[in-house]
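Chemist: Coordinates only, no sequence provided:
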């Protein structure tokens, strides 16, 4: 949603009114004002403070361009009262003119918008100008916290405008102690925290603008007791109390306070796009002058009170996107006045509510995301609606073959019937109304050929017919629609000659994917084409050179076709390309190194082809894969901002849909929503015939969330530089010939949830520190690497094996064995030694030989 900020704010009106001059005594006053006052200079200290402020801006700027600098008049040789953006007082009783106003909207335009913002510290010199009554720095590209101490010095401040910057943090309490402050504009920043209760101290406050921030918590009741508050967010001239209250687009998470009933003069109440809870308070019945009520996209619960339809002047009632419940038994009084109603996702069931037919002044109706069933009633077409949104219900039947005369003449501008169960063919009369701007019929069961008179809808700007059963050729009249910008015919069965678009057409979004088109890739597309999706057809041949004529192309999808040949070098000439999807074709040859020069490329998918050779080694020019982008997707918001239905007070965005980008995400085909596509950076080279080593330079692609180089013939080691892929969530290197160990540096990857290195020749320990130790992975992600070990696969590493235990000495068992063995050896040896000693010492003498008959025996003498 866009937040409306009035450029003609009260600051301008007050400042202009202060410069109005009465004209009595014309001769004297003319002489005095035009000759005497210009001679009075501003104080020297204030001039020096402003010059220091100018110097701070220049010092904080990376590429200063003096020709664009709108503070050129600020110089030391002239009075600061003559400088642009500066106003001084006109009091003739003073010897000098002091600075009372500094309003710099656009005054800091010294560089193109892509340059980094200015820090809030550059405001420091301004806080020395204590005479300031007005300080305006809206939309000056300043970021950082609001300087608290500095603003405490500006006690004379009456008007403070800081909206449209990038201030962060909470609102400093010093701002709520400025005694004279009447206007405080802080919309469209990044402020957070609670809205302080001290806001009640600003007893003189007349204007307060806070939408478009990140405030949370409750709405302080003191806000509803400020006696002079007239304007909250926009410029009104009420004299009887608050008429406009806008706190939308924050993060408020409280119930709607009952004190809101203390605002009897309020005509517009906008609290949308927060996290408000509870029911709609009954005190709101007191708001008898209520004309616009915007409560959509919160967390409100309970039954929708019927008294909301009793406000006689109510013009806008937006309650959708909550958890509110509609009571079908409630009777609603007829309303003939112009009225716009949104009951999206409010629990409506059954057939189309009959009471809506009594709201004869109804101009816009949104009943999407309910459980409504049956056919559309004929009386609905008689209501002269300008916009009708019935998407995401269960309506059946076919569209009426005839339309009323009022429809044929003008009126219906927006018709959303997507995600229902409508059948049959489209009636030719649907395209006879000259005012039809948007027609969304996706995700139904429509069939048949498109009417040949589809080109009669000359105001048509958006046409979405995806996911139906349409067939046949595209009517040639369609390409003649002069204002068509958004065309989605995907997921049907269209075939035949491809339409030839005019090069000067405004068409920027073209989706013909998942149909039955064949032949060579068409080349006749408008020069303004941003998105071109032709995947899922039967196109053949190579990529045409004429694609380089699409100088604004950001997203090119040609996956799932029969394309052949080599990837051409001329793709690098499409410098705006962010998404290139050529998956599942028959491309062959090398990956051109020139593709790696596409600095905006964030998603490259060339998987499932026949590409050979090495991965290009130089990747430092892939800036889109190095620097993470947080800005919105450049396709969907651009279209959505062009189709906003401008009601008198608040802008209501028209819902637009872009097909998800299908990728192989974490080993399964998943769709990435296109409105979040800028948050993803992917490189998929899997399922080819790539060889050689993995370039270490891939580790420099720090923004990558997915890197898939599986199912190739890559060899060598895993680069240690992969530890620098700080945003990587899925890393697949499986089914290659990688060797060596898994680098320990992978433990630094805090976002990693999938690591697949299966079917390689890796060895060594699987790192277990950091994220590698906390991931719960399927052991199959490491399978078929015979040398891997670690806790992840429950295989111990060799160095973790305990040493074999030393056998203890078994004394009780060995000693008997030793003694018996000694005995067996010792006794014979000892006996022989003893005999030998006896013989040697002569103690034993052998008797001489004698006659056996006279042998005598002598005793042995020991």
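Modeler: Alright, I've got the coordinates. Keep in mind that this is a model prediction, so the values were computed, not measured. Numbering: from 1, shown residues only.
Chemist: Please make it C-alpha for all contacts and neighbour counts, starting now.
Modeler: Will do.
Chemist: which regions of the stretch 701-850 of the chain lie under the pLDDT threshold?
Modeler: Along the stretch 701-850 of the chain, segments meeting pLDDT under 70 span 776, 804-850.
Chemist: in stretch 165-184, what's buried?
Modeler: Under the neighbour-count criterion of 16 or more other C-alpha atoms under 10 Å, stretch 165-184 has 165-168, 170-184 buried.
Chemist: residues contacting residue 564?
Modeler: 540-542, 585-588 (C-alpha atoms under 8 Å, 6 or more residues apart in numbering).
Chemist: Give me the buried subset of those residues.
Modeler: Buried, going by 16+ other C-alpha under 10 Å: 540, 542, 585-588, out of the contacts of residue 564.
Chemist: ok, back up a step: now the contacts of residue 564 in a markdown table, with pLDDT, secondary structure and distance to residue 520?
Modeler: Shown next, in a markdown table, are these (pLDDT from 0 to 100; DSSP: H, G, I helix; E, B strand; the rest coil; distance: C-alpha to C-alpha, whole Å):
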| residue | pLDDT | secondary structure | distance to residue 520 |
| --- | --- | --- | --- |
| 540 | 96 | strand | 5 |
| 541 | 96 | strand | 6 |
| 542 | 95 | coil | 8 |
| 585 | 97 | coil | 14 |
| 586 | 97 | coil | 14 |
| 587 | 97 | coil | 14 |
| 588 | 96 | strand | 17 |
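Chemist: Considering these, which is situated nearest to residue 378?
Modeler: Nearest to residue 378 among the contacts of residue 564 is residue 540, at 47.3 Å by C-alpha to C-alpha.
Chemist: thought that closest one was touching residue 519?
Modeler: Yes - at 5.7 Å, residue 540 counts as touching residue 519 under the criterion of C-alpha atoms under 8 Å.
Chemist: Now distance to residue 669 too, for the contacts of residue 564, in TSV please.
Modeler: Output for the contacts of residue 564, formatted as TSV (distance: C-alpha to C-alpha, whole Å):
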residue	distance to residue 669
540	24
541	26
542	26
585	17
586	20
587	21
588	24
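Chemist: and of those, the nearest to residue 528?
Modeler: residue 542 (23.0 Å).
Chemist: In this model residue 561 seems to touch the closest one, though I could be wrong.
Modeler: No - in this structure, residue 542 is not within contact of residue 561 by C-alpha under 8 Å, at 10.9 Å.
Chemist: Quick check: the gap between the spatially most central residue of the chain and residue 660.
Modeler: Geometric centre of the chain, nearest residue: residue 676, 4.9 Å, by C-alpha atoms, centre = their mean. In this view, residue 676 and residue 660 are 10 Å apart by C-alpha to C-alpha, to the nearest Å.
Chemist: can you pull out the strands in the stretch 451-600 of the chain?
Modeler: 462-464, 469-472, 486-488, 493-494, 509-511, 518-520, 531-533, 538-541, 555-557, 562-563, 579-581, 588-589 (DSSP state E, counting those that start in this stretch).
Chemist: With respect to residue 117, which of those lies nearest?
Modeler: The nearest among the strands of the stretch 451-600 of the chain, by C-alpha to C-alpha, is strand 579-581 at 27.9 Å.
Chemist: of all the buried ones among the contacts of residue 564, which comes closest to residue 573?
Modeler: Nearest member of the buried ones among the contacts of residue 564 to residue 573, counting by C-alpha to C-alpha, is residue 542, at 16.7 Å.
Chemist: Contact partners for the closest one?
Modeler: Contacts of residue 542 by C-alpha under 8 Å, 6+ apart are 520-521, 563-566.
Chemist: one more time with 6 Å
Modeler: 563-565 (C-alpha atoms under 6 Å, 6 or more residues apart in numbering).
Chemist: now swap in residue 132 and tell me
Modeler: Residues in contact with residue 132 (C-alpha under 6 Å, 6+ apart) are 100-101, 157.
Chemist: what do you get for residue 451?
Modeler: Counting by C-alpha under 6 Å, 6+ apart, residue 451 touches residue 428.
Chemist: So what does it have for phi and psi?
Modeler: Phi and psi for residue 451, reported as degrees, to the nearest 10, are phi -60, psi 140.
Chemist: Roughly how far does it sit from residue 413?
Modeler: 19 Å.
Chemist: For the strands of the stretch 451-600 of the chain, give me TSV that also has distance to residue 149.
Modeler: Converted to TSV, these look like this (distance: least, C-alpha to C-alpha, whole Å):
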stretch	distance to residue 149
strand 462-464	52
strand 469-472	66
strand 486-488	51
strand 493-494	67
strand 509-511	51
strand 518-520	68
strand 531-533	50
strand 538-541	66
strand 555-557	49
strand 562-563	65
strand 579-581	48
strand 588-589	65
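Chemist: Do me a favour and get the end-to-end distance for stretch 665-672?
Modeler: 9 Å.
Chemist: do stretch 188-199 as well
Modeler: End-to-end for stretch 188-199, by C-alpha to C-alpha: 19 Å.
Chemist: Would you mark the buried spots in it?
Modeler: The neighbour-count check on stretch 188-199 (16+ other C-alpha under 10 Å) flags 188-196, 199 as buried.
Chemist: Please tell me I have it right and residue 336 contacts residue 362.
Modeler: No - counting by C-alpha atoms under 6 Å, residue 336 stays clear of residue 362, with 7.7 Å between them.
Chemist: what about those two, which has more around it?
Modeler: Neighbours per residue, other C-alpha atoms under 10 Å: of residue 336 and residue 362, the larger number sits with residue 362, 22 against 11.
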